[in-house]
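Colleague: attaching a predicted model along with its sequence, questions to come.
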Amino acid sequence: MTDVSAFLARPIAHRGYHDASTGCIENTPSAVSAAVAHNFAIEVDVQETADGEALVFHDYTLDRLAQGAGPVITMTSGELVRIPMQTGTDNLWLLSDLFDLIAGKVPLVIEIKSRLKPGAQADFVRRVVDQLAAYDGPACIKSFDPDMLSVARAHNPAVLRGIVADAARPEGDFARFTRMDRFILRHMLHIPRTRPHFISYGIRDLPSLAPSLWRKLFGLPVMTWTVRTEDQRHRASIYADQIVFEGFDPDR
């Protein structure tokens with residue numbers, strides 16, 4: 001199996017080492033720089049722009065965090081990078097900017113946010129995979145969307161990929177899914193097709209049969225998200241190989 005040990009060696013800062021109370025917003029250069037300063041691995045999210053670029057941003061719309069409104073997908077990368085965040089000094093930025101800032105200093109986990117559309121945003125996925133393949137540093141992708149992983153695997157199987165999963169409750173994005181669809185996602189029954197190199201499973205749903213079996217029988221390491229309490233951290237130490245954390249310093 002392709003080696004993912006670099007991504008398990010240190011705790012992974014969820015959307016960077018951010019603190020909104022100080023103006024350091026998630027997924028911004030400030031949050032990423034703070035994580036690098038603490039030598040943490042970093043997880044960020046990317047959204048597709050109107051021109052097919054990868055915006056380092058979690059939400060589908062700008063309203064919650066940026067001085068803008070509306071869906072990210074309706075705006076070009078050139079328009080988006082001119083928009084400042086609601087607090088702090090950062091603007092929105094692109095995956096290429098993130099690579100330039102980190103420059104291989106710490107491992108990087110990139111979650112590709114899926115719009116859950118037919119075709120799995122294939123051109124966008126291939127664009128992100130190509131950028132990772134050209135990046136000189138430890139980086140991998142992950143997604144909730146198995147079809148995105150299939151696209152990534154077909155395009156460049158050497159780029160490390162992981163599946164994000166949890167109990168797939170009938171809420172949020174999963175509300176539109178059938179009970180069988182949610183069962184498949186919860187238990188990651190697509191793995192023979194998607195062949196992920198690791199599993200990223202929600203901490204509130206650990207312990208869980210599926211990640212435990214895939215971990216024990218097939219050697220798939222588990223990173224768990226998002227760890228915010230000591231109880232969650234203790235559970236993670238039993239059922240996972242590394243944490244994606246937020247709101248505290250795991251080194252203290």
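Modeller: That came in fine, so what should we check first?
Colleague: need the nearest residue in space to the residue most central in space within the chain, chain neighbours excluded.
Modeller: Nearest to the geometric centre of the chain sits E111, at 2.5 Å (Cα atoms, centre = their mean). Counting by Cβ to Cβ, 6 or more residues apart in numbering, the nearest residue to E111 once its immediate chain neighbours are dropped is D45, at 4.8 Å. For glycine as for every other residue, the C-beta is placed from the backbone atoms N, C-alpha and C.
Colleague: after the helix or strand harbouring that neighbour comes which helix or strand?
Modeller: Using DSSP states H and E, D45 sits in strand 41-48. Note on strand 41-48: by DSSP H and E, the next helix or strand toward the C-terminus is strand 54-56.
Colleague: quick one: distance of that next one to the chain centre.
Modeller: Distance of strand 54-56 from the chain centroid (Cα atoms, centre = their mean, to the nearest Å) equals 12 Å.
Colleague: who are the packing partners of that strand?
Modeller: Packing partners of strand 54-56 (3 or more Cβ pairs under 8 Å, 6 or more residues apart in numbering; DSSP states H and E): strand 41-48, helix 95-102, helix 122-134.
Colleague: just the element for Y201, please.
Modeller: Y201 belongs to strand 198-202 when assigned by DSSP H and E.
Colleague: one step back: save the helices and strands packed on strand 54-56 as TSV, and put in mean pLDDT too.
Modeller: Shown next, in TSV, are these (pLDDT from 0 to 100):
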stretch	mean pLDDT
strand 41-48	98
helix 95-102	98
helix 122-134	98
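Colleague: ok, E53 - contacts?
Modeller: T76, S77, L94, L95, R127 (Cβ atoms under 8 Å, 6 or more residues apart in numbering).
Colleague: try it again at 7 Å.
Modeller: Listed by Cβ atoms under 7 Å, 6 or more residues apart in numbering, the contact partners of E53 are S77, L94.
Colleague: how much space between it and P118?
Modeller: 21 Å (Cβ to Cβ, to the nearest Å).
Colleague: thinking again about what came up before, verify the stated contact: the residue nearest to the centre of the chain with S143.
Modeller: Yes - if you go by Cβ atoms under 7 Å, E111 and S143 touch, sitting 6.4 Å apart.
Colleague: which neighbours do those two share?
Modeller: Shared contacts of E111 and S143 (Cβ under 7 Å, 6+ apart): V164.
Colleague: residues near the residue nearest to A120 when sequence neighbours are not counted, how many?
Modeller: Once flanking residues are discounted, A120 sits nearest to D147: 3.7 Å by Cβ to Cβ, 6+ apart. Neighbour count for D147, taken as other Cβ atoms under 10 Å: 20.
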